[in-house]
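Q: pasting the sequence and the predicted coordinates here, then a few questions.
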Amino acid sequence: MAAWAESPRPSALRPGGVCQSTARLDGKVALITGANSGIGKETALDLASRGARVILACRDVEKGDGAATEIRTRVGGAKVEVRELDLADTCSIRAFAQRFLREVDHLHILVNNAGIMMCPYMKTVDGFEMHIGVNHLGHFLLTYLLIGLLKRSAPSRIVVVSSLAHNFGWIRFHDLHSQGSYNSGLAYCQSKLANVLFTRELARRLHGSNVTVNSVHPGTVRSELMRHSTAMSLLFAVFPMFLKTPKEGAQTSVYCAVAEELQSISGKHFSDCAPAFVAPQGRNEETARTLWDVSCELLGIEWD
Ligand SMILES: NC(=O)c1ccc[n+]([C@@H]2O[C@H](COP(=O)([O-])OP(=O)(O)OC[C@H]3O[C@@H](n4cnc5c(N)ncnc54)[C@H](OP(=O)(O)O)[C@@H]3O)[C@@H](O)[C@H]2O)c1
């Protein structure tokens, strides 16, 4: 990797925020979904370097073990563990949470990072369209199952990795699972808008609990996310100078997870380690509440 790629410092072509906080996380527990590659792996590495016990929740344990080994090599004394979690299967999410609650006493930072983008039409094990199923519903259920522990561990923080793409999405309540018509780009945008709306509604419900939740746009980052889109992969291959490295892409997630000045900030959206614009459809409280109710219904849960 080129030397510049190692540095999170912004360049003129790739502007980006840098998390300036030197906060230590000794004695703290962090859980990051999709931490075996890209932004998630770099977020895990950063939190581990601050002394946190970091749990990498990955659907492919072998890939997760590879990431954990790399983090241990790069950060002496890193406390990293890998656990299996497939967000496309509610049984896997429930099994993961059950074991987590049995074996881990505290949870101070939850980073809902895993994501899938522009895949061909696919359904999760439970019959949800893959984007809304993994990016939104999977994380919704995971957060629901762990919210008690997050409250008991307060002050604690939830970071939801959304995207600028939320601007181009709308929630199609009449066809949430794109059964009538499917466009992979729009399905991704819908799921990233769902991330923003979930953050907003969860923050409202968590008011006064000392558990905060904020959403993030990481920037346009060179990662494996484009694996399903030949056009996007080609575009990114032609213009690599405009892409952030995963380390740069992790800066805003880390900022939201550790920055002292964000201790009581909740329900906001960040990009480049600064407050960011939220599209009108991401600020609509009625849509956020309806999405909450629909999500509970689909998952068969009651979350007041
Ligand atoms: N890269 C960008 O430019 C960009 C821009 C805006 C937002 N984002 C967001 O940033 C987040 C991280 O993406 P990235 O760029 O780092 O991409 P990435 O390298 O592809 O990482 C995505 C991670 O999600 C995991 N994942 C996918 N499906 C899963 C499932 N069913 N269960 C559990 N884990 C699953 C992947 O695991 P496998 O390796 O096993 O597939 C991988 O670890 C995503 O939420 C994405 O939407 C990225």
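A: Sure thing, it's come through.

Q: pLDDT below threshold where in the stretch 1-150 of the chain?
A: 1-15 (pLDDT under 70).

Q: one more time with 90, if that's ok
A: 1-16 (pLDDT under 90).

Q: mind jotting down where the strands sit in it?
A: Taking DSSP state E, counting those that start in this stretch as the test, the strands found in the stretch 1-150 of the chain are 29-33, 53-58, 79-84, 109-112.

Q: Throw these into CSV and include mean neighbour count and distance to Thr73, thanks.
A: C-beta coordinates here come from the backbone N, C-alpha and C atoms, glycine included. Below are the strands of the stretch 1-150 of the chain laid out as CSV (neighbours: other C-beta atoms under 10 Å; distance: least, C-beta to C-beta, whole Å):
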stretch, mean neighbour count, distance to Thr73
strand 29-33, 28, 18
strand 53-58, 27, 15
strand 79-84, 18, 11
strand 109-112, 28, 22
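
Q: can I get these in CSV with distance to the ligand?
A: Formatted as CSV, the strands of the stretch 1-150 of the chain follow (distance: least, C-beta to the nearest ligand atom, whole Å):
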stretch, distance to the ligand
strand 29-33, 6
strand 53-58, 6
strand 79-84, 9
strand 109-112, 8
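
Q: switch those over to TSV; also include distance to His139.
A: What follows is the strands of the stretch 1-150 of the chain, written out as TSV (distance: least, C-beta to C-beta, whole Å):
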stretch	distance to His139
strand 29-33	7
strand 53-58	11
strand 79-84	15
strand 109-112	4
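
Q: which residues of the stretch 201-304 of the chain lie near the ligand?
A: Counting by C-beta under 6 Å from any ligand atom, the residues of the stretch 201-304 of the chain close to the ligand are His217, Pro218, Thr220, Val221, Ser223, Glu224, Leu225.

Q: excluding chain neighbours, what is closest to the third one?
A: To tie it back to what came earlier, the one meant is Thr220. Excluding its sequence neighbours, the residue lying closest to Thr220 (C-beta to C-beta, 6 or more residues apart in numbering) is Leu243, at 5.6 Å.

Q: now do the one you found against Ala237, distance only.
A: Computed as C-beta to C-beta, to the nearest Å, the Leu243 to Ala237 distance reads 10 Å.

Q: tell me the contacts of the residue nearest to Thr220?
A: Arg14, Thr220, Val221, Arg222, Phe236 (C-beta atoms under 8 Å, 6 or more residues apart in numbering).

Q: near the ligand, which residues of the stretch 1-150 of the chain are found?
A: 33-34, 36-40, 59-60, 63, 85-88, 113-117, 134.

Q: for ChimeraX, what selects the buried ones among the residues you listed?
A: Per 16 or more other C-beta atoms under 10 Å, the buried members of these correspond to this ChimeraX selection:
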select :33,34,36,37,38,39,40,59,63,85,86,87,88,113,114,115,116,117,134
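
Q: returning to that earlier point: determine which two of the residues of the stretch 201-304 of the chain next to the ligand are furthest apart.
A: Using C-beta to C-beta, the two most remote members of these are His217 and Glu224, lying 18.2 Å apart.

Q: among those two, which residue is more densely surrounded?
A: His217 (24 against 13; other C-beta atoms under 10 Å).

Q: quick check: closest non-adjacent residue to that one.
A: Ser271 (4.1 Å).

Q: again, but for Ser223
A: Ser223 sits nearest to Gly38 (C-beta to C-beta, 6+ apart), 3.3 Å away.

Q: show the contacting residues for that neighbour.
A: Val221, Ser223, Glu224, Leu225, Pro246, Gly249.

Q: drop anything exposed from the residues of the stretch 201-304 of the chain next to the ligand.
A: His217, Pro218, Thr220, Val221, Ser223, Leu225.

Q: these two touch, right, the last one and Asn113?
A: Which is Leu225. No. With contacts counted by C-beta atoms under 8 Å, Leu225 stays clear of Asn113, the gap being 11.0 Å.

Q: in a helix, His177, correct?
A: No. Under DSSP: H, G, I helix; E, B strand; the rest coil, His177 sits outside any helix and is assigned coil.
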